[in-house]
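Engineer: prediction below, plus the sequence it came from.
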Amino acid sequence: MKQSKHKAPTRTLARFKTVLCGLIVVALTTLPTRLLAQSSGGMDLWPQNNNVEIGGTKQFGAYVPLSPNTILWLVNDVPGGNATFGTISASGLYQAPAQAPVNSVLTVRAQSTAYPSAFAATQLTIIRKYPWLWSVSPSSLLIANYQVSMNGANFTPDAVVQANGVDLPTIYVSSTSLKANGNAAVTGTIKFAVRLPGPGAVTGNSVSAKVSASTITVSVSPSVASVQLGNSQSFTATVSGSLNTAVTWSVVGGSANGTVSAGGVYSTPLVLPNPSTVTLRATSSANALVSANATITLVSPPVVVTVAPATATVQLGGAKQFYAGVAGTANTAVIWSVIGGSANGTINSAGLYITPATMPASPTVTVRATSVVDVNSTSDGIVTVTPPPDYTALLAAARIAEQTTFGPTDALIATIQQLGLNDYLGQQFALPATPIPVPGDNSVNTLQQWQLASFTTAPDQLRQRVIHALSQIIVVSANKNIYADAMLPWLNILSQQAFGNYRDLLRDVTKSSSMGKYLDLANSTKPMNGGGANENYARELMQLFTIGLWQLQPNGGQQEDANGAPIPTYTQADVAQLALALTGWVYAQPPGGYAYEWFGAPLVAHPQNHDFNAKTVLGTTIPAGQSVEADLESVLDILMNHPNTAPFIATRLIRSLVMSNPSLGYVQRVAEVFQDSDGDLQSTIAAIITDVEARNDTPTATAG
C-alpha cells in the first residue's frame, strides 16, 4: 500500500513537465514567426527607384509597424551616407553629392533601430544635371557635311551632341552653347540631343532638323591653263548651294604632277611629266562627292639668257666683269661678243670687257652673251665708255669736302661738282641739326661713341665740323664732367649755335650747367663769409674763348712793345673784376624736387650771391647796381667789341677747318667778316671756306 501512494505523485509530476515543455516549444516556435512577418512584409519605403540630379535633394519616407517605430537611414550601407554617395538626414532628406560616384546607382535603406534585421530599401540613380536643348541652328540642313549650333542649358565641356543617337564631334562654347560637325547623307529628319557622359550619364531632350537634298555645285577658274615648268598659277573655286564655300585642292596623280596650296596656287614639278597634261581638282568641303577640275598643260621653259650688270659705266682704259645666267637648259655656257668689233673694245670668254685704247665713235657699247644651246637666245649689257676724269675738278671738290666734312666720298664729290661751292654751302647751312640722344646708361663713353659716329654719318656734315671746331675753342672736359648729362647741355649749345651768333654762343655757354660745373661758375659768389668769386671761368673766357693772351693786330699778328716783346691782353686785376661781374649764377632745381647739381636747365640768377659794386674790366667800367643778367651782357659787350676777338676766333676757326698756318691776309679777311657781322658764325664760316687762299688747289711749299 505504501508503495502505491508514493508512485501516484511521481506520475502526476511527469505529466506536468511534459505539458510545460510543450508550451515552451510552442512559445519558442511562435515568436520568430511573428518577427519574420514584421520585417519582411511590414516595413515600406517611398519613393521607389527614383533619379536625383547631382547637388539635388530627394525626400524619403518610411512605414514602420514596429514599436518603437524609430529608424536609421543608410546610403550604400553607410549610416547617414557620406560625401561620395550623398548624405541623408534623420528625417529622410537625401542630399546628392556634387559629382556622381563611379557607380551612380545607390541603395537607400530605412532600418529599424529596435530590430536591425527589419528594413526597407530602394535604388536611387545619381544623374548629372539635365542638359536642356532649346533649339538647333540651322534648323534646315542639306545633304552634305554640316555644322550646327546648340542652344540650351546645363552644357559642360565634356558634353556630346548626338544625331539620331550617334555621337558627333562636339565643340564646347559655353554652358548654353555647343557646336557639332556631322554629315547628312539622306533626306529626312535628324533628331539632335545632348548627352553628358558618366558617371551619372544623362541624355537630354531632342530637337529635330529637316534634311533636304543638296544642290551644291563647284566651278574652277580658269578651267584650262598652260603653265611653264618651274612657274606657278593661281586658281579660284566657286561653291554654290551651300553656306560652306570651302574646298580642298588636290593634284590628280600626286606630287609628280606638281603641288597645290590650300589657297589654290598650283606649282609645277621640277621635271616635265609624261603626259604633260595635269588635272587640278577642287572638292567641296560641304560634300566630298561634289568637285570640279581644271586642265593644265605643262610646257618646257624657253632658254633665257641674262647678263649682269645690265648697265655699266667704264672709264677709258678700264675693264668691267660681266656675268651671264642661262635658264631653261642644263647647259649654261654662253659665247661673249662686243657688237661693232674691237673698235668698241674686247671681251674674253669669261665675260671680262676691256675698253679700247681710244674713245669709240659712240660712247655706248653693247656686249652680248649668246646661249650655245640656242643661238637665238641672247642678252645684252650696255657699257657707257667715259673719258678719263678731270682730276683738277675732282681735286677742287675733294678739298671742299675735306674742309667742310669729316672726309670726302664719291657721292659727296659728285654733289659738290653738281651744285657748285656756294649752293653746296647753302644746302649745308639749311640742313636741320642732327638731334643728340640722351644715353640710357648716362655714360660719357656712350655719348662719345655716338658723337664719333655722328661726325662720320650725320647728313649735316658742315655743322658737325663746326661743332668739332668750336669744341676745341670753348672746352668742357669729361675728366671733370664724368656723366653724359653733364656734357649734353654744352654739346647741344655748340650744335644749336654752330651757324648762329658768337655772342649768343658765349651767353649760352656762360649760363650752361656744363660750364658751370667744369669751370666753377655755378655758385661763384661775392666776397662774404670768408669766400669769394671763383676766377676759373673768368680767366678762360678771356684767354681761350675771346681775346687770348697777347694783343693782336687786325690780321692776327702779335703786337709788340718797344722792346719787341708781346703785350699781354689782360691782367690779374681784369680776371678778378670779371669774376665779380659773373657772380650770382647757381644751378636750377628740377621741378618738384631738389638736386645739388642739376643739368636739366641753364644756370639761374641768384642775386643774393651777386656783387653789385662797379667793376672795371679791360679798361671799361661796368656800372654798380646792375642785375646778374645785366652784368653778363656788359661783359659780353666788352669782349665782343675787343679788337682781339675777331682775329683770335678767325685764326682758330681757319686752323680747324682749312689750314694750320693761314697767312695774315687770310686771317684779316675772315676777321673783318666776323667783326662786320657782329660775330655771325655762318657768314664767318662761309668766308673761311670761300676765301681765295682756301680755294687755291695748287699748294705752295709751306701750305698746311
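Structural biologist: Cool, the structure landed. Numbering: from 1, shown residues only.
Engineer: is the residue nearest to the spatial centre of the chain in a helix, a strand, or coil?
Structural biologist: Central residue check for the chain by C-alpha atoms, centre = their mean: the C-alpha nearest the mean position is that of Gly440, 19.2 Å away. For Gly440, the assignment made with DSSP: H, G, I helix; E, B strand; the rest coil gives coil.
Engineer: not counting its neighbours along the chain, what's nearest it?
Structural biologist: Spatially, and ignoring its direct neighbours in sequence, Gly440 is nearest to Thr446 (7.9 Å; C-beta to C-beta, 6 or more residues apart in numbering). No exception for glycine: its C-beta is placed from N, CA and C like everyone else's.
Engineer: and the one you found, what element?
Structural biologist: helix 444-457 (DSSP states H and E).
Engineer: same check on Thr616?
Structural biologist: Counting by DSSP H and E, the secondary-structure element that holds Thr616 is strand 615-617.
Engineer: contact partners of that strand?
Structural biologist: Contacts to strand 615-617, defined as C-beta atoms under 8 Å, 6 or more residues apart in numbering, come from residues 574, 577-578, 580-581, 621-622, 631, 635, 638.
Engineer: and for stretch 331-343?
Structural biologist: Counting by C-beta under 8 Å, 6+ apart, residues outside stretch 331-343 touching it are 305, 322, 324-326, 344-349, 351, 353, 356, 360-361, 365-373, 380.
Engineer: just the CA atoms of it, as PDB, please.
Structural biologist: Taking only C-alpha atoms (Å, rounded to 0.1, in the frame of the first residue of the first chain), the coordinates of stretch 331-343 have been written out as PDB:
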ATOM      1  CA  ASN A 331      73.900  73.700-120.400                       C
ATOM      2  CA  THR A 332      74.600  77.200-119.100                       C
ATOM      3  CA  ALA A 333      77.600  78.000-121.400                       C
ATOM      4  CA  VAL A 334      77.500  81.300-123.500                       C
ATOM      5  CA  ILE A 335      79.600  82.900-126.200                       C
ATOM      6  CA  TRP A 336      80.600  86.600-125.400                       C
ATOM      7  CA  SER A 337      80.900  89.200-128.100                       C
ATOM      8  CA  VAL A 338      81.200  93.000-128.500                       C
ATOM      9  CA  ILE A 339      78.800  94.500-131.000                       C
ATOM     10  CA  GLY A 340      80.800  96.500-133.600                       C
ATOM     11  CA  GLY A 341      84.000  94.700-133.100                       C
ATOM     12  CA  SER A 342      87.300  95.600-131.500                       C
ATOM     13  CA  ALA A 343      86.900  99.300-132.200                       C
END
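Engineer: what's the mean pLDDT across that stretch?
Structural biologist: Confidence over stretch 331-343, taken as the mean pLDDT, stands at 96.
Engineer: and it, how far out from the chain's middle?
Structural biologist: For stretch 331-343, the gap between its own C-alpha mean and the chain's C-alpha mean amounts to 51 Å (C-alpha atoms, centre = their mean, to the nearest Å).
Engineer: swap in stretch 117-137?
Structural biologist: On the basis of C-alpha atoms, centre = their mean, stretch 117-137 is displaced by 55 Å from the centre of the chain it belongs to.
Engineer: pull out the buried positions in it.
Structural biologist: By neighbour count on 16 or more other C-beta atoms under 10 Å, the buried set for stretch 117-137 is 118-120, 122, 124, 126-131, 133, 136.
Engineer: repeat that for stretch 504-513.
Structural biologist: Of the residues in stretch 504-513, 505-513 count as buried by neighbour count, 16+ other C-beta under 10 Å.
Engineer: what's the single longest strand in the protein?
Structural biologist: Ranked by residue count and defined by DSSP state E, the top strand of the chain is strand 202-212.
Engineer: that strand: partners in the sheet, and parallel or antiparallel?
Structural biologist: Each strand paired with strand 202-212, and its direction, by DSSP bridges: strand 140-142 (parallel), strand 188-196 (antiparallel).
Engineer: pLDDT (mean, whole number) over the shortest one?
Structural biologist: If I follow you right, that is strand 140-142. Summarised as a single mean, pLDDT over strand 140-142 is 88.
Engineer: please name the nearest non-neighbouring residue to Phe524.
Structural biologist: Residue 524: Ser, not Phe. Asn534 is the one closest to Ser524 (C-beta to C-beta, 6+ apart), at 4.1 Å.
Engineer: wait, is that neighbour part of a helix?
Structural biologist: No. Secondary structure assignment (three-state DSSP) places Asn534 in coil, not in a helix.
Engineer: re earlier: the strand holding Thr616: what's the following helix or strand?
Structural biologist: strand 620-622.
Engineer: still on that earlier bit, what mean pLDDT does the next helix or strand after the longest strand of the chain have?
Structural biologist: The first helix or strand that comes after strand 202-212 along the chain, using DSSP H and E, is strand 217-221. With pLDDT averaged residue by residue, strand 217-221 scores 94.
Engineer: so Asp574 sits right up against Ile622, yeah?
Structural biologist: No. The pair Asp574 and Ile622 fails to qualify as a contact (C-beta atoms under 8 Å) at a distance of 11.7 Å.
Engineer: run the chain-centre distance for the strand holding Thr616.
Structural biologist: Going by C-alpha atoms, centre = their mean, where strand 615-617 is centred and where its chain is centred differ by 61 Å.
Engineer: mind listing what's buried along that strand?
Structural biologist: For strand 615-617, by 16+ other C-beta under 10 Å, it's 615, 617.
Engineer: okay, now the sheet partners of that strand, with direction.
Structural biologist: Strand pairing for strand 615-617, using DSSP bridges, gives strand 620-622 (antiparallel).
Engineer: pLDDT (mean, whole number) over whichever strand or helix holds Trp73?
Structural biologist: With elements taken from DSSP H and E, the one containing Trp73 is strand 71-75. When pLDDT is averaged over strand 71-75, the result is 96.
Engineer: next SSE downstream of it?
Structural biologist: strand 78-79.
Engineer: thank you, goodbye.
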